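Undergrad: Sharing a sequence plus its predicted fold:
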Amino acid sequence: MSELDTAGNGLRLYRSMVIIREVELHIERLHRAGRMAGSFHSSVGQEAAAVGVCEVLRPDDLVSSTHRGHGHALAKGVTVGGLLAELFGLANGVSGGRGGSMHLHHPDSGFLGQNAIVAGGMPWAAGAAWGARQQGRDIIGVSFFGDGAASQGLFYETLRLAKLWNSPCLFVCENNGLAHSMPAERLFGDPGTHCRLVAEHGIKAEVVDGSDVLSVYKVAHSLVGYVRTGYPAFLEVTVGRARAHSLNDPEYEYRDRDSGKNWLEENDPISSLRKGLPDLSEEFDQIDLEVSTLISHETTRVESGDINQANDALRDVYTVDSGVRND
């Protein structure tokens, strides 16, 4: 293994991916049991993209995300308890229980937040990174988005401005093959097309297999180092969507019912890491147990939190007449 692919890195990457996987599966169970409500877009199978990139970031680096963003939040430092409380709609959630599954944020972790608008988080990260650099702060931005973002004008506008202004932002496209129900290959072409398209704009761009977290980590390590010198870069991570678009999406109407399950069986980044580092099997098993215990404990701890009251709707917003925060 290379100097980046050490056992210590493998264990950290594995733990972060297992936390994301088990939290997402736990959320599914909570919804089906009627203990959690609202929309939910699972990132099962895409863990390597979030973890491989966020593992090389600094705590004060800034990350924007998508509607499918729980993994990015957890990988950037949002706690399991804070995320679950947010999805329960409780006041002890990271966004006070008002952001929910698609709009949670956590400034203390450098997590700018999720965005339900396709490509909507790209200018957040690029603009925040550029602004911080103007202030003399040595931090970068990272924007996660899906392959469908390239259908939006905002995608190209943000890339052009980032290139023109030298915004230190890494744009990470998680190409899971489906923009909701539209096959990405039908709309754009083979995996890697996004990377080639962006490279033609004069932006450094690479593509990596999202089933191999060590490869994602290695490429991200290189690109993040480049971005810190003051330039934008682009990373296309080829992944798959193991679950339906959202919890109640009838995906069987536009793809084979077992296609997601079959993809995961062949491309699971967690299983791949275990197979690639067989000498760490005992340590991996211990992590599995620790994560299971953590999620159970945190669910019990946060679920008894306070619900929001009606007047809480006016907190942390600007008033209409004065622009003064009503904290």
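TA: On my side now, so go ahead.

Undergrad: quick one, phi psi at Ala179?
TA: phi -90, psi 90 (degrees, to the nearest 10).

Undergrad: Phi and psi next, for Ile307.
TA: phi -80, psi 160.

Undergrad: ok, for it, nearest residue in space, not its chain neighbours?
TA: Distances taken as CB to CB, 6 or more residues apart in numbering place Leu90 nearest to Ile307, at 6.1 Å, with adjacent residues excluded. C-beta coordinates here come from the backbone N, C-alpha and C atoms, glycine included.

Undergrad: Can you get me a residue count around the one you found?
TA: Per other CB atoms under 10 Å, the neighbour tally for Leu90 reads 18.

Undergrad: That one and Val317: what is the separation?
TA: Between Leu90 and Val317 the distance is 19 Å, computed by CB to CB, to the nearest Å.

Undergrad: got it, and Leu25?
TA: Leu25 is 34 Å from Val317, by CB to CB.

Undergrad: Equivalent analysis for Arg35, please.
TA: When CB to CB is the yardstick, Arg35 and Val317 sit 29 Å from each other.

Undergrad: and what of Lys218?
TA: Per CB to CB, Lys218 is found 43 Å from Val317.

Undergrad: isn't Ile27 right up against His70?
TA: Yes. Under the criterion of CB atoms under 8 Å, Ile27 makes contact with His70 at 7.4 Å.

Undergrad: who has more neighbours, those two?
TA: Of the pair Ile27 and His70, His70 is the one with more neighbours under other CB under 10 Å, namely 26 against 21.

Undergrad: Contact partners for that one?
TA: 20, 23-24, 27, 43, 83, 101 (CB atoms under 8 Å, 6 or more residues apart in numbering).

Undergrad: Apart from its chain neighbours, what residue comes closest to His106?
TA: Val94 (4.4 Å).

Undergrad: Surely Ala129 touches Asn166?
TA: No. Taking contacts as CB under 8 Å, Ala129 lies outside contact range of Asn166: 10.0 Å.

Undergrad: Comparing these two, which shows the higher neighbour count?
TA: Using other CB under 10 Å, the more surrounded residue of Ala129 and Asn166 is Ala129, with 29 against 14.

Undergrad: Now the more buried one: which helix or strand?
TA: helix 122-134 (DSSP states H and E).
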